[in-house]
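In: what would the 3D arrangement of this be:
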Amino acid sequence: MSWIENDFEKKIKEKLYTQFDEIKGDEYYVRYKEVRNKLIKDIYPENAAAAPNLSRHDPSHIADVMNSIHRVIGDKYGYLTGMDLYFLGLIVLFHDSGIIKGRKEHHVRSRIKHIYDSMQTEDRARYKQERRLVLRAASAHSSSGKEGRDADTMQPLPVNDGIDGNDVKVREMAVLLRFADELSEGPHRTSLYKLNNGLYDEESKIYHQYASITHVHIDRGSNSIKLTYNIDFKDNNSLRELLEFTYERIHKLDQERKFARHYSTICDVFKETKVVINIEHGEGELTIDNCTLTDLVIPGDSHKPLQELFRDYDIDQIIAKINSEQRSLENA
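Out: Predicted coordinates for the structure are as follows:
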């Protein structure tokens, strides 16, 4: 794909020119662009071949994560320096580069280090500190299936560190990447042709089905992340499987929202996750839209599944409603 400079990148340049003079700021931005162009040309286009059943991790995903970051930051760019954004841009560029050697352990530091070093054509000694921080922060975007405290990839990172003597908010930039990566989901991550023609393996199919129904709205104005799911009803069993998977993903995304709020001043504005599910069945449509997940915790409560918190999300009840509406339409 031909790369078009996006709004997030324009902010990197603008803030570098503000923090430094134009000559010094341009030195950093030119380096950023050189790294970006090499990764976009040589690494990310090959990810599909290395992991053909994975949702898209090509250059379009990198652009999508940057757009999500831009929406998450919103009007809070004043809180960040040019070096913060330069560093954030680099870790976005490198975070999924390891997939070129396969999905498993794509985020580990050794994978990213090998690719980082291959991008380096200048004096390597100058960039050792930058590399160290980029590897740590980029690899922290994934908890690789770990649970509990082991899934907290942010705590081991330094809150702040420096590159070339300039302060960088290392941990918060890593949080922004992890959160934006989770939010960058949707139909653009899959191929409907491959999905409809059974060209994904059985294990991966549900992830592509989920991507095909998902629409994420990052709404700083209403302090919320809004998730809308548009589902075409096929049969009871397929709907049950898709809803069960969707509920798990809603819970995961809401956990990531709370996790980001804990570590990030910028993300603190996102106080709730709102969910709407639209299910089209024949000539009818069922809409469920009363689910809002917040940070309120009642002492003594434990985590409950979505269908226990909101009765309208009970899957048996949803299927019964759809079947009833279909019978009514058939008899009309």
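In: when you work out contacts or count neighbours from here on, use the C-alpha atoms and nothing else.
Out: Fine.
In: can you give me phi and psi for the residue lying closest to E308 once chain neighbours are set aside?
Out: Nearest residue to E308, sequence neighbours excluded (CA to CA, 6 or more residues apart in numbering): D314, at 7.3 Å. Dihedral pair for D314: phi -60, psi 120, per degrees, to the nearest 10.
In: burial count for D314?
Out: By the measure other CA atoms under 10 Å, the count of residues near D314 is 15.
In: cool, and S60?
Out: The burial count for S60: 18, using other CA under 10 Å.
In: which strands and helices sit next to the helix or strand containing it?
Out: Per DSSP states H and E, S60 falls inside helix 59-73. When contacts are defined as 3 or more CA pairs under 8 Å, 6 or more residues apart in numbering; DSSP states H and E, helix 59-73 sits against helix 7-19, helix 82-94, helix 170-183, strand 214-219.
In: residues in contact with the shortest one: which ones?
Out: Applying CA atoms under 8 Å, 6 or more residues apart in numbering, the contact partners of strand 214-219 are 68, 71-72, 183-187, 224-230.
In: re earlier: tabulate the helices and strands packed on helix 59-73 (a markdown table), appending mean neighbour count.
Out: Formatted as a markdown table, the helices and strands packed on helix 59-73 follow (neighbours: other CA atoms under 10 Å):
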| stretch | mean neighbour count |
| --- | --- |
| helix 7-19 | 19 |
| helix 82-94 | 24 |
| helix 170-183 | 24 |
| strand 214-219 | 17 |
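In: tabulate the ones you listed in TSV, adding columns for mean pLDDT.
Out: Output for the helices and strands packed on helix 59-73, formatted as TSV (pLDDT from 0 to 100):
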stretch	mean pLDDT
helix 7-19	98
helix 82-94	97
helix 170-183	96
strand 214-219	98
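In: dump the ones you listed into TSV; add distance to E308 as well.
Out: Shown next, in TSV, are the helices and strands packed on helix 59-73 (distance: least, CA to CA, whole Å):
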stretch	distance to E308
helix 7-19	40
helix 82-94	37
helix 170-183	25
strand 214-219	22
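In: what residues of the lowest-mean-pLDDT helix or strand in the chain count as buried?
Out: Ranked by mean pLDDT, DSSP states H and E, the weakest helix or strand in the chain is helix 47-50, scoring a mean of 72. The neighbour-count check on helix 47-50 (16 or more other CA atoms under 10 Å) flags 47-48 as buried.
In: quick check: the closest residue to E283 other than its chain neighbours vs G284, distance?
Out: Distances taken as CA to CA, 6+ apart put L329 closest to E283, at 7.5 Å, once the chain neighbours are dropped. Between L329 and G284 the computed distance is 8 Å (CA to CA, to the nearest Å).
In: average model confidence for the helix holding S60?
Out: Helix 59-73 shows an average pLDDT of 95 in the prediction.
In: pull the residues that contact that helix.
Out: Here helix 59-73 makes contact (CA under 8 Å, 6+ apart) with 1, 6-8, 40, 44-45, 89, 92-93, 176-177, 180-181, 183-184, 189, 218-220, 266-267.
In: try it again with 7 Å
Out: 8, 40, 44-45, 92-93, 176, 180-181, 183-184, 218, 266 (CA atoms under 7 Å, 6 or more residues apart in numbering).
In: right, and the residue nearest to E308 touches L306 too?
Out: No - if you go by CA atoms under 7 Å, D314 and L306 don't touch, sitting 8.1 Å apart.
In: still on that earlier bit, mind checking the helices and strands packed on helix 59-73 for the one nearest to I288?
Out: Among the helices and strands packed on helix 59-73, strand 214-219 comes nearest to I288, with 14.6 Å by CA to CA.
In: next one: the closest one to chain centre, how far?
Out: From the chain centre to the centre of strand 214-219 is a distance of 11 Å (CA atoms, centre = their mean, to the nearest Å).
In: what's the first helix or strand after it?
Out: Using DSSP H and E, the first helix or strand after strand 214-219 is strand 224-232.
In: do you know the pLDDT at L54?
Out: 72.
In: again with D123
Out: Looking at D123, its pLDDT is 65.
In: repeat that for G300.
Out: For G300, the predicted pLDDT is 63.
In: got it, and the one 10 residues further on?
Out: At F310 the predicted local distance difference test score is 88.
In: who touches it in this structure?
Out: Counted by CA under 7 Å, 6+ apart, F310 has contacts C291.
In: tell me which stretches of the stretch 201-332 of the chain form strands.
Out: 214-219, 224-232, 272-281, 284-294 (DSSP state E, counting those that start in this stretch).
In: redo the ones you listed as TSV? Include distance to T246.
Out: Below are the strands of the stretch 201-332 of the chain laid out as TSV (distance: least, CA to CA, whole Å):
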stretch	distance to T246
strand 214-219	9
strand 224-232	9
strand 272-281	10
strand 284-294	13
